[in-house]
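S.K.: 3D, please:
(one chain, ligands or ions: 2)
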Amino acid sequence: DRLPALLEAMPKAELHIHIEGSLEPELMFRLAERNGVALPYPSVEALRAAYAFKDLQSFLDIYYAGASVLRTEQDFHDMAWAYLVKAAQEHVVRAEIFFDPQTHTARGVEMGTVVAGLSGALERARRELGVSCDLILCFLRHLSEEDAFQTLEQALPYRDRFIGVGLDSSERGHPPEKFARVFARCRELGLHLVAHAGEEGPPEYIRSALDVLHVERIDHGVRCVEDPALVRRLAEQRVPLTVCPLSNVKLCVFSRMEDHNLGQLLARGLVATVNSDDPAYFGGYLNQNFQACFEALPLDATHAWQLASHSFEASFADAADKRRWH
Ligand code: HPA
Ligand code: ZN
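M.R.: Ligands and ions are numbered 1, 2, ... in the order given. Next up, the predicted model:
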């Protein structure tokens, strides 16, 4: 069976990766020591053992606690560099990387420190690894729109270091409408727009992400299948969904990979892509996501080609790069 080799070797884009979710326990412990930060776990093994999640919130609680070891520009650089080295090995030729500045600025880390560390690693990856990559700033939806506006203000001196904004964190009870004004401002600024919707939240959140926030892609979006008219619209308008199979199983959006709806999404003509979300927490980087869903679902080489092709179509890379990869 040559499918695993194809999945591994095919060039692909990763469009849904939270850089704080790439922080491996080993690096987390090293940074904790370097910065004199106490972690509430005695060892790497004990920390990994705590990665048993029952839903999105139970993951987010641990994920935000883990990010507390990040203090200096070097820390942010080391984390992003480790991800980009891994991505290059997996034949990721394009990465659009989320970061959550509010998780850091709320702890007294300067926006400039976060952005300098991350964007320095990206610049190095373009040069040394040949990976095309850019940053997308995410607003935390459990915080207020006012807080998002302040975050945007703090980020504007670094406007050339990120290409867009997204919306992540606790979905239920925090509909896209809550961020209508700040997304309108970002749109005026010419930023690309994306939002998490329809992961745990209802299909209505996918509709309002499109109609109220005017996003260009939906992150996750798997609950769209509950609304057939919405599925038809997503297919007709070729709105990409950045699906994260291992994440969905770890956060109990689907109870087993065999139950995942990726195959259905493709069969209905949706521009679905495969992504890792938070690889250090969910048991695998991009290629392990491909391997896991191709093992569990009736997907073949045609689907592999389709998913890679969708990832380039859905990316915000330059038109020339997209033509080259596509
Ligand atoms: N959903 C919402 N917020 C997140 C996620 C996710 O999958 N990963 C990191 N922050
Ligand atoms: Zn995500």
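
S.K.: and this protein, which residues reach ligand 1?
M.R.: His18, Gly21, Leu56, Asp168, Ser169, His196, Glu199, Ser247, Asp277, Asp278 (Cβ under 6 Å from any ligand atom). Just so you know, the C-beta spots here come from the backbone N, C-alpha and C atoms, and that holds for glycine as well.

S.K.: and Thr151, what is it in contact with?
M.R.: Going by Cβ atoms under 8 Å, 6 or more residues apart in numbering, Thr151 touches Pro101, Gln102, Thr105, Met111, Leu137, Phe139.

S.K.: one more time with 7 Å, if that's ok
M.R.: Residues in contact with Thr151 (Cβ atoms under 7 Å, 6 or more residues apart in numbering) are Pro101, Gln102, Thr105, Phe139.

S.K.: which residue does the stretch 51-200 of the chain have closest to ligand 1?
M.R.: Per Cβ to the nearest ligand atom, Asp168 is where the stretch 51-200 of the chain lies closest to ligand 1, at 3.6 Å.

S.K.: so what's that residue up against?
M.R.: His18, Phe98, Asp100, Cys138, Leu140, Arg141, His196.

S.K.: same thing with Gln57?
M.R.: Ser170.

S.K.: list only buried entries from the residues of the chain next to ligand 1.
M.R.: By neighbour count, with 16 or more other Cβ atoms under 10 Å, those hold His18, Gly21, Leu56, Asp168, Ser169, His196, Glu199, Ser247, Asp277, Asp278 as buried.

S.K.: tell me the pLDDT at Cys138?
M.R.: Listed pLDDT for Cys138 reads 98.

S.K.: quick check, it in contact with Phe98.
M.R.: Yes: using Cβ atoms under 7 Å as the test, Cys138 is close enough to Phe98 to be in contact (4.9 Å).

S.K.: and stretch 317-326, how far from the chain's centre?
M.R.: Centre-to-centre, stretch 317-326 and its host chain are 21 Å apart (Cα atoms, centre = their mean, to the nearest Å).

S.K.: sorry, back to before: what about the buried ones among the residues of the chain next to ligand 1, which are in helices?
M.R.: Residues of those located in helices (DSSP state H): Leu56, Ser247.

S.K.: narrow the buried ones among the residues of the chain next to ligand 1 to those in strands?
M.R.: If you go by DSSP state E, these have His18, Asp168, His196 in strands.

S.K.: picking that back up, ok, and the most crowded of the contacts of Thr151?
M.R.: Phe139 (26 neighbours; other Cβ atoms under 10 Å).

S.K.: tell me which element the closest residue to that one other than its chain neighbours falls in.
M.R.: Nearest residue to Phe139, sequence neighbours excluded (Cβ to Cβ, 6 or more residues apart in numbering): Ala148, at 4.1 Å. Applying DSSP states H and E as the criterion places Ala148 in helix 145-155.

S.K.: what average pLDDT does that helix get?
M.R.: On average, helix 145-155 scores 98.

S.K.: with stretch 91-109 instead?
M.R.: Here the average pLDDT along stretch 91-109 is 98.

S.K.: compute the first-to-last residue distance for that stretch.
M.R.: 33 Å (Cα to Cα, to the nearest Å).
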